[in-house]
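K.L.:
only geometry, no sequence info:
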Ligand SMILES: Nc1ncnc2c1ncn2[C@@H]1O[C@H](COP(=O)(O)OP(=O)(O)OP(=O)(O)O)[C@@H](O)[C@H]1O
């Protein structure tokens, strides 16, 4: 997990703090489709920022722009003071951005612990020679990796499943394992793309509690989530997209009362004013 200093945590969630990531006037086109249209916002150190909007609003494209899957057509993404430019996904991951996906991407025939270790391993420094001959650095990193993996599994309420194959975990456990694996890269920013998709309300609430726990340890989280009630309950600030444009940004209570947001969601089948 990322380490934080007192300075970084001094700003309370929702209050102005250090900008960890800045989307600066990002436009992203796919042929004639403008998936993002001049979008600007920032993610502040130590907060949970919710990114919401109706289907097709551009949320996943936004994620993809800031994790290196797509390059902005115009504008730029600045992370921790560094413009991401044309960096590849693994380079952006090394800078400190980790993400999970809408669909589960685990190594199904590996144990839960091994899946987390894959994340930690990508940041280890011991080379092939060190590993082959089990030299001291490799041994130390293996020990540290195992300890970190177990800590993260505990954090995600998966300590008791460490030695079970990923494929034998329940759907909810697999989703939590993905978050543990992403955290193993010790990211400065954790991006979660609909982590509660397919959950029942009780599971959803439990996951949101875990995400808050992750934030309380000093991590910064970007969260895409469709369920409005959950977003309102867990996030510190919210950015709302509609048709590729940012239509609102603010504290959950401000977003709930924002007429443009209410109008955007009333146009969607499965949302009602009550849900907002
Ligand atoms: N690779 C692509 N090629 C062409 N168009 C795309 C591509 N990816 C996304 N789009 C289009 O960009 C727009 C935004 O899509 P995006 O998936 O980012 O929205 P979203 O808010 O994540 O939606 P959902 O909630 O349904 O996942 C949509 O019109 C979509 O069809």
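P.N.:
Alright, I've got the coordinates. This one's a predicted model, so the numbers in the text were calculated from it and none came from an experiment.
K.L.:
helix or strand for residue 145, which one?
P.N.:
With secondary structure defined by DSSP states H and E, residue 145 is part of helix 136-155.
K.L.:
next one: that helix to chain centre, how far?
P.N.:
Here helix 136-155 is found 22 Å from its chain centre; the criterion is CA atoms, centre = their mean, to the nearest Å.
K.L.:
the protein: strands as residue ranges?
P.N.:
In order along the chain, the chain carries the following strands (DSSP state E): 19-30, 33-44, 48-52, 74-79, 82-83, 97-99, 189-193, 220-224, 237-242, 245-250.
K.L.:
distance check, the residue nearest to residue 225 when sequence neighbours are not counted against residue 23.
P.N.:
Excluding the flanking residues, the one nearest residue 225 by CB to CB, 6 or more residues apart in numbering is residue 231, at 4.9 Å. In short, each C-beta sits where N, CA and C put it, glycine included. In this structure, residue 231 and residue 23 are 19 Å apart, going by CB to CB, to the nearest Å.
K.L.:
quick one: the most centrally placed residue in the chain from residue 34, how far?
P.N.:
The residue at the geometric middle of the chain, judged as the C-alpha nearest the mean C-alpha position with CA atoms, centre = their mean, is residue 191 (1.3 Å). Counting by CB to CB, the separation of residue 191 from residue 34 is 22 Å.
K.L.:
what does residue 206 give?
P.N.:
Relative to residue 34, residue 206 is positioned 38 Å away (criterion: CB to CB).
K.L.:
please state the offset of stretch 239-255 from the chain centre?
P.N.:
Relative to the mean C-alpha coordinate of its chain, stretch 239-255 is positioned 18 Å out (CA atoms, centre = their mean).
K.L.:
span of that stretch from start to end?
P.N.:
Distances were taken as CA to CA, to the nearest Å; on that basis the terminal residues of stretch 239-255 are 8 Å apart.
K.L.:
now residue 149: closest residue in space that isn't a chain neighbour?
P.N.:
residue 116 (4.0 Å).
K.L.:
and that neighbour, how many neighbours does it have?
P.N.:
Residue neighbour count, defined by other CB atoms under 10 Å, stands at 29 for residue 116.
K.L.:
ok, it - contacts?
P.N.:
Applying CB atoms under 8 Å, 6 or more residues apart in numbering, one finds that residue 116 lies in contact with 148-149, 152-153, 177, 180-181, 184.
K.L.:
quick check: pLDDT value at residue 91.
P.N.:
Taken from the predicted model, the pLDDT recorded for residue 91 is 91.
K.L.:
and the residue lying closest to it once chain neighbours are set aside, how far from residue 85?
P.N.:
Using CB to CB, 6+ apart and skipping residues adjacent in sequence, the residue nearest residue 91 is residue 68, 7.1 Å away. Taking CB to CB as the criterion, residue 68 is separated from residue 85 by 10 Å.
K.L.:
neighbour count: those two, which is higher?
P.N.:
residue 68 (21 against 13).
K.L.:
please report the distance of the more buried one from the ligand.
P.N.:
Residue 68 is 15 Å from the ligand, where distance means CB to the nearest ligand atom, to the nearest Å.
K.L.:
will you turn the strands of the chain into a markdown table that also has distance to the ligand?
P.N.:
Converted to a markdown table, those look like this (distance: least, CB to the nearest ligand atom, whole Å):
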| stretch | distance to the ligand |
| --- | --- |
| strand 19-30 | 3 |
| strand 33-44 | 3 |
| strand 48-52 | 9 |
| strand 74-79 | 15 |
| strand 82-83 | 22 |
| strand 97-99 | 13 |
| strand 189-193 | 8 |
| strand 220-224 | 7 |
| strand 237-242 | 6 |
| strand 245-250 | 11 |
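K.L.:
export those strands to CSV and tack on mean pLDDT?
P.N.:
Rendered in CSV, the data for these read as follows (pLDDT from 0 to 100):
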stretch, mean pLDDT
strand 19-30, 96
strand 33-44, 96
strand 48-52, 95
strand 74-79, 96
strand 82-83, 94
strand 97-99, 92
strand 189-193, 94
strand 220-224, 95
strand 237-242, 95
strand 245-250, 96
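K.L.:
many thanks, have a good one.
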